[in-house]
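*Asks:* Need a 3D model of the sequence below.
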Amino acid sequence: MPDADSETKLRLYMLIVNRYKSLISEKENKSISEIRQRVSPYNDFISALKTRLAGGINHYSYEKHFLQAIQAVLGYLREIHNFEFLLPFWMSFEEMDQLKAAGPMDKAILCAALLRALGSDDCKVYVTKKGNVFVGFKWSKESYIIEPKGSSMLSGSAADNIFIGDQLAYIFSDTYFESFEDG
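*Replies:* Prediction:
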């Protein structure tokens, strides 16, 4: 009975995770600087993934091909299933690629790192007070917002109005940080 065996293993793993939840949370805690560093485009995996995703574009140019490359990034993000974790848990880009699963923040950071590698200097991760995560950037004087969980993109006024009713808590990239939290 492999199903009963799998169910028992799952229950045992849940018991272990719950028992060591506080220790896991402590070990998974990252500073703002550590989180911001993950958005860096200067990562071997991100460089290789950029080449893989934009490889079909001959002589890639940010000015000419950026939006086309973003479509490849969105397609890649759609392959990564969304998982909400009950405790803080960070996944490496390699783990996300192998497992095709990640939490919304990890997907947003992966997306932002890819957009930075594709040439977007102003790409940032936006986190709202309700805990929603987005990736925003400007290109050719227009605002764009990517919602990594659904792997969709809004532009123009739809992007500009995304935070109405769900105010920003903080914005970050590898080169930028701004908090809107009180205190």
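*Asks:* Wait, Glu94 touches Asp44, no?
*Replies:* No. The criterion here is CB atoms under 8 Å, and Glu94 misses it with Asp44 at 9.7 Å. The C-beta positions use only the backbone N, C-alpha and C, and glycine is treated the same way.
*Asks:* Give the buried residues for stretch 46-64.
*Replies:* Residues of stretch 46-64 classed as buried under the neighbour-count rule (16 or more other CB atoms under 10 Å) are Ile46, Leu49, Lys50, Leu53, Ala54, Tyr60.
*Asks:* neighbour-wise, which of Glu94 and Asp44 wins?
*Replies:* Remark: of Glu94 and Asp44, Glu94 carries more neighbours, 12 against 9, as counted by other CB atoms under 10 Å.
*Asks:* In space, what's closest to that one - neighbours in sequence excluded?
*Replies:* On the basis of CB to CB, 6 or more residues apart in numbering, the spatially nearest residue to Glu94 that is not a chain neighbour turns out to be Phe45, at 5.6 Å.
*Asks:* show me what contacts that neighbour?
*Replies:* Listed by CB atoms under 8 Å, 6 or more residues apart in numbering, the contact set of Phe45 reads Ser92, Phe93, Glu94, Asp97.
*Asks:* So what's the residue count around the last one?
*Replies:* So the one you mean is Asp97. 18.
*Asks:* try Ser40
*Replies:* Around Ser40 there are 16 other residues, counting by other CB under 10 Å.
*Asks:* Figure out the helix or strand that it lives in.
*Replies:* Secondary structure assignment for Ser40, by DSSP states H and E: no helix or strand.
*Asks:* now swap in the one 5 residues further on and tell me
*Replies:* Element membership of Phe45 [criterion: DSSP H and E] is helix 44-54.
*Asks:* The next helix or strand after that helix packs against which elements?
*Replies:* Secondary structure here is assigned by DSSP H and E; on that basis, the next helix or strand after helix 44-54 toward the C-terminus is helix 62-78. Contacts of helix 62-78 with other secondary structure elements, assessed using 3 or more CB pairs under 8 Å, 6 or more residues apart in numbering; DSSP states H and E, are made with helix 44-54, helix 104-117, strand 142-147, strand 152-155.
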